[in-house]
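[1] structure of the sequence below:
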Amino acid sequence: MSTAAGIPFSVLDRSRTRQGQDGPTALRETVRFARRIEALGYHRFWVSEHHSVPGVAGSAPTVLAAAVAAATSSVRVGTGGVMLPNHQPLVVAEQFGVLESLFPGRIDMGLGRSVGFTDGIRAALGRDKRDAEDFPGQLAELLGYFTGTQTAHPQVHARPAEGLRVPAFVLATGKGARVAAGAGLPLVIAAVRGEDAMLRAIDEYRRDFRPSLWGERPYVVLSGTVAVAATTEEARRLLLPEAWSSVYSRTRGVFPPLVPVDTVLATAMTDRERTLFEDASRGQLHGTADEVAAGLEKLITRSAADEFLVTTSTYDTAALVDSYERLAALLGLGSTGT
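    Numbers count the residues shown, from 1 in each chain. Below you'll find the model as predicted:
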């Protein structure tokens with residue numbers, strides 16, 4: 001058995017909107033997609049948090065997670081993640097306490113340290129960039145509501161969270177790996193680019209990890225794009241809509257809905273856009289089943305990762321599902337039936 005086939009594989013879906021599609025449709029597709037991912041045998045299904053983004057419908061991850069958990073029966077359901085600086089820790093603890101109470105043993109609490117990415121969004125959320133600086137304190141308060149040990153507000157108890165254990169994960173952005181190690185929590189870290197930097201961050205996390213009530217040992221989840229198709233070219237095409245969305249956001253300040261591959265290929269790009277587009281397309285695993293299997297084997301062997309979180313998005317939903325089916329087959333996951 002390969003190294004890749006020996007670890008759990010999970011899925012993060014950002015509820016991406018597509019050209020001509022509204023947000024409610026994208027959210028309903030996320031729920032349908034989760035049922036398919038469960039049938040394929042993936043370990044977790046996570047949803048994300050984005051505010052005022054035309055290309056992403058998922059703005060309330062705990063609400064969406066509840067809908068996903070209600071529509072499935074065995075796959076773990078969680079967030080990748082709730083951006084803790086955007087919220088009061090008490091409210092987050094209450095939300096996950098409710099989720100865990102309704103769906104015991106199936107809920108994950110993935111937490112990020114980003115704050116709303118524009119001045120307008122931060123103002124609407126009642127936050128500013130400085131709120132991200134106290135992520136360790138916010139995290140400690142949040143976890144303390146579950147254990148009944150938080151000291152920020154001694155007379156306050158999070159109901160029904162207190163006494164429950166919802167697995168918590170830290171998304172590694174900036175100092176995230178250091179925070180995860182200090183708190184004794186699993187680390188979720190991107191495997192898209194900068195492999196050497198990623199490996200250094202993982203090494204530092206493992207070195208500095210302090211066992212806690214939430215984790216006895218380091219646990220590393222790699223996250224990244226994986227596209228599998230019948231040919232290398234078909235797999236490459238799957239990546240183009242997301243790459244163009246990234247370019248569009250960096251040059252126009254707005255992250256747009258996904259557009260068809262042919263639209264991307266017909267777009268007359270400036271030199272800067274072309275450079276950004278090529279950069280956005282690098283460092284992602286794509287190809288035939290054999291090519292992807294080899295790439296995963298190398299990456300997981302080098303990092304000694306405990307789990308892989310697949311984050312692939314594309315315009316063609318049928319092609320996207322086909323990619324996840326092919327990946328499940330090469331990994332030897334559960335039934336690929338409907």
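[2] distance of the spatially most central residue of the chain relative to R130?
    By C-alpha atoms, centre = their mean, the mean C-alpha position of the chain lies nearest to G80, the distance being 3.8 Å. According to C-beta to C-beta, to the nearest Å, G80 stands 24 Å off from R130. C-betas here are computed from N, CA, C, even on glycine.
[3] how about E297?
    For E297, the distance to R130 - C-beta to C-beta - is 43 Å.
[4] same check, this time on A319
    Relative to R130, A319 is positioned 43 Å away (C-beta to C-beta).
[5] ok so, going back, contacting residues for the residue nearest to the centre of the chain?
    Contact analysis of G80 by C-beta atoms under 8 Å, 6 or more residues apart in numbering lists L12, W46, V47, S48, G110, F169, L171, V188, S223, L309.
[6] quick revisit: who has more neighbours, E297 and R130?
    E297 (14 against 9; other C-beta atoms under 10 Å).
[7] next, the buried residues of the one helix or strand E100 maps to.
    In the assignment (DSSP states H and E), E100 maps to helix 89-102. Residues of helix 89-102 classed as buried under the neighbour-count rule (16 or more other C-beta atoms under 10 Å) are P89, L90, V92, A93, E94, Q95, F96, G97, V98, L99, E100.
[8] got it, and stretch 307-324?
    Quick answer for stretch 307-324 (16+ other C-beta under 10 Å): 307-317, 319-320, 322-324.
[9] mind listing which of these are in helices?
    The members of the buried residues of stretch 307-324 that map onto helices under DSSP state H are T317, A319, L320, D322, S323, Y324.
[10] turn those residues into a markdown table, including pLDDT and distance to G55.
    Below are these laid out as a markdown table (pLDDT from 0 to 100; distance: C-beta to C-beta, whole Å):
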| residue | pLDDT | distance to G55 |
| --- | --- | --- |
| T317 | 96 | 15 |
| A319 | 97 | 18 |
| L320 | 97 | 15 |
| D322 | 98 | 22 |
| S323 | 98 | 20 |
| Y324 | 98 | 20 |
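[11] now the residues you listed in CSV, with distance to V156?
    What follows is those, written out as CSV (distance: C-beta to C-beta, whole Å):
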residue, distance to V156
T317, 44
A319, 49
L320, 43
D322, 49
S323, 46
Y324, 42
